[in-house]
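*Asks:* Got a predicted structure plus its sequence, pasted below:
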Amino acid sequence: MAYFKKFDEELQDLLALFKKDERWLIVVNADPDSLASAMALKRIMGRKVQGVGIAHINEVKRLDNLAMIHYLRIPACRLIPTLVAQYDKFAIVDSQPHHHPDFDKINFSVIIDHHPYPEQPYAGAEYTDIRPEYGSNSAMLTEYLYNLKIRPAKLLATALVYGIKTDTQSFERPFIDADIKAFRYLTKYADMDIIKRITRSEIHPDWLKYFSRAFYNLRRIGPGLYSHLGKVENPDTLVILADFFMRVHDVSWDVVSGVYEDTLVVIFRGDALRKDMGKMASSLFSDVGSAGGHKAAARAEIPLKALDGADPESYVVKKLTKGKRQVMKRI
């Protein structure tokens, strides 16, 4: 009996797309799961195409992501128009074209993702594999490698382990058996000492001021928490604090927001039992910006101009409480 499920027919459809005279670019919104997935897809393309690149639409500032790129030697660069012009075909992993405006400018031939299906499926791709039940995209790509009889090298296996670990939050977020199987399979080849080095690089000393600000602005909204950090130098600080507040006893969800450049960024975290954070983010903010995610983790990005001059913190509070300020209290 095979360790992972087999999907030979789908794999042949994917491999048939790779031509020797074409250059492919794998595009991601960089985080550990997407970077690991891009590494795996690059390995699969291997010598089947003329060249493969990895590009991210976001500026990578989070220290653990930078450490991951450094220690695992991930050849990723920032996506710019002149880079796009150098490639013939494009793939997207751990995301979908509707997730960010920067994806709109690219015609994707391959989509491999584990986020929920969009209301209007992307029609341009020649190959699409979307499995929302998976806790990580890295587990999906591990199945691809296994079915293709490709044993992951140490750095690739380490990246995939870290991708699974972060996207499932060490299996505290929703996951399925395939995520566990992939994690167990990969640990035979991964370097766990490198993972320890990466995980110890999460917080920059300059970010500690945001912890103080987050505690000062913390509010209770029913079984949830909300805090607004004002202007931030890096939106990843919002993610770290949203994850941190989920450790508070008797809190089933939390929201942390801040202003990065000309955008209001709102991070959602939940226990996946009461509220669906992806649906919550979408219902509150999809009419004014990009919003969505999983049951336990979601994100919204709203251009400040869409607020029509409203104070960002008051704007989010009004959305979360539906204008009923009496259900909200400062801690």
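*Replies:* Nice, thanks for sending it over. Numbering: from 1, shown residues only.

*Asks:* so where is the chain shaky, pLDDT-wise?
*Replies:* Residue ranges of the chain with pLDDT under 70: 1-2, 323-331.

*Asks:* Quickly list the domain ranges of it.
*Replies:* 8-199, 207-330 (automatic domain parsing).

*Asks:* Save the ones you listed as a markdown table, and put in mean neighbour count too.
*Replies:* Bear in mind the C-beta positions are built from the backbone N, C-alpha and C, glycine included. Putting these into a markdown table (neighbours: other CB atoms under 10 Å) gives the following:
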| stretch | mean neighbour count |
| --- | --- |
| domain 8-199 | 19 |
| domain 207-330 | 18 |
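
*Asks:* can you pull out the strands in the stretch 51-200 of the chain?
*Replies:* For the stretch 51-200 of the chain, the strands defined by DSSP state E, counting those that start in this stretch occupy 51-56, 76-78, 89-93, 110-113, 127-130.

*Asks:* Just tell me which of those strands ends up closest to residue 194.
*Replies:* strand 76-78 (16.9 Å; CB to CB).

*Asks:* Could you check how far that closest one is from the centre of its chain?
*Replies:* 16 Å (CA atoms, centre = their mean, to the nearest Å).

*Asks:* Which secondary structure elements does that strand sit against?
*Replies:* Using 3 or more CB pairs under 8 Å, 6 or more residues apart in numbering; DSSP states H and E as the contact test, the elements touching strand 76-78 are strand 51-56.

*Asks:* Pairing partners for the strand it packs on, with directions?
*Replies:* strand 23-28 (parallel), strand 76-78 (parallel) (DSSP bridges).

*Asks:* residue contacts, the closest residue to residue 264 other than its chain neighbours?
*Replies:* Spatial nearest neighbour of residue 264, excluding adjacent residues (CB to CB, 6 or more residues apart in numbering): residue 302 at 4.5 Å. Residues near residue 302 by CB atoms under 8 Å, 6 or more residues apart in numbering: 263, 264, 266, 285, 288, 289, 291.

*Asks:* same thing but 10 Å
*Replies:* 257, 259, 263-266, 284-291, 312, 315-316, 319 (CB atoms under 10 Å, 6 or more residues apart in numbering).

*Asks:* From the chain's centroid, how far away is the host helix or strand of it?
*Replies:* Using DSSP states H and E, residue 302 sits in strand 297-303. Put simply, strand 297-303 sits 12 Å off its chain's centre (CA atoms, centre = their mean).

*Asks:* What's the first helix or strand after that strand?
*Replies:* helix 312-321.

*Asks:* I'd like to know which elements that next one is packed against.
*Replies:* Counting contacts by 3 or more CB pairs under 10 Å, 6 or more residues apart in numbering; DSSP states H and E, helix 312-321 packs against strand 219-221, strand 224-231, strand 253-260, strand 263-270, helix 277-285, strand 297-303, strand 328-330.

*Asks:* can you redo those as TSV with distance to residue 162?
*Replies:* Shown next, in TSV, are the helices and strands packed on helix 312-321 (distance: least, CB to CB, whole Å):
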stretch	distance to residue 162
strand 219-221	33
strand 224-231	26
strand 253-260	23
strand 263-270	20
helix 277-285	23
strand 297-303	17
strand 328-330	37
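
*Asks:* Mind checking the ones you listed for the one nearest to residue 239?
*Replies:* Ranking those by proximity to residue 239 (CB to CB) places strand 263-270 first, at 5.5 Å.

*Asks:* Give me the angle between the closest one and helix 312-321.
*Replies:* 40 degrees (axes from the mean of the first three to the mean of the last three CA atoms, to 10 degrees).

*Asks:* would you turn the strands paired with strand 51-56 into CSV with distance to residue 181?
*Replies:* Listed next are the strands paired with strand 51-56 as CSV, based on distance: least, CB to CB, whole Å:
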stretch, distance to residue 181
strand 23-28, 24
strand 76-78, 27
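
*Asks:* Of all these, which one is nearest residue 122?
*Replies:* strand 23-28 (13.2 Å).

*Asks:* Now do the closest one: distance to the chain's middle.
*Replies:* With CA atoms, centre = their mean, you get 17 Å for strand 23-28.

*Asks:* Just the CA trace of it, in CSV.
*Replies:* Extracted in CSV, the C-alpha atoms of strand 23-28 (Å, rounded to 0.1, in the frame of the first residue of the first chain):
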residue,chain,number,x,y,z
ARG,A,23,11.4,29.5,-18.9
TRP,A,24,9.0,29.3,-15.9
LEU,A,25,8.6,31.6,-13.0
ILE,A,26,7.0,30.4,-9.7
VAL,A,27,5.3,33.3,-8.0
VAL,A,28,4.4,33.4,-4.3
